[in-house]
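Chemist: Okay, predicted coordinates and the sequence, questions at the end:
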Amino acid sequence: MTPQQAHRMVTDALRRIAPDIDVNQIHSDEDLRDAGQLDSLDFLSFVELLSTDSGVRIDEDDYPALGSIAAAVDFLCDRSASHDRLTTPPSD
């Protein structure tokens, strides 16, 4: 997965769980739970969407690595490269 694909996946997931948030106004290193005003259930939904959409396995221990857009992009790129996947992700 390229960084561009991962970024699109992260921002699309954020838009789906919090449609009122302008993801373009969130700095890439800003904490998503603060910037997006996501509660814990929203964050879990975000993680589930990322896992489903990317086919990347995301365990609870991985949640801190998904704290910002940049961190989530890096996580998805690294994890997809390491083949720690659930399924083959959909192609664009």
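Modeler: Done, it's in.

Chemist: Which stretches in the chain count as helices?
Modeler: Ranges of helices in the chain, per DSSP state H, are 3-17, 32-35, 40-54, 69-81.

Chemist: got a list of contacts for the worst-scoring helix or strand of the chain on mean pLDDT?
Modeler: The least trusted helix or strand in the chain, going by mean pLDDT, DSSP states H and E, turns out to be helix 32-35, with a mean of 84. Contact partners of helix 32-35, identified using CB atoms under 8 Å, 6 or more residues apart in numbering, comprise 14, 26-27, 38-39, 43, 46, 66-69, 72. C-beta coordinates here come from the backbone N, C-alpha and C atoms, glycine included.

Chemist: Those residues: which two are farthest apart?
Modeler: The most widely separated members of these, counting by CB to CB, are 27 and 39 (20.3 Å).

Chemist: Could you list the low-pLDDT ranges of this structure?
Modeler: For the chain, applying pLDDT under 70 flags the ranges 36, 83-92.

Chemist: which residue sits closest to residue 80, ignoring its sequence neighbours?
Modeler: The shortest distance from residue 80 to any non-neighbouring residue, by CB to CB, 6 or more residues apart in numbering, is to residue 1 (4.1 Å).

Chemist: For residue 18, see how far away that neighbour is.
Modeler: 23 Å (CB to CB, to the nearest Å).

Chemist: now swap in residue 41 and tell me
Modeler: Distance from residue 41 to residue 18, by CB to CB: 11 Å.
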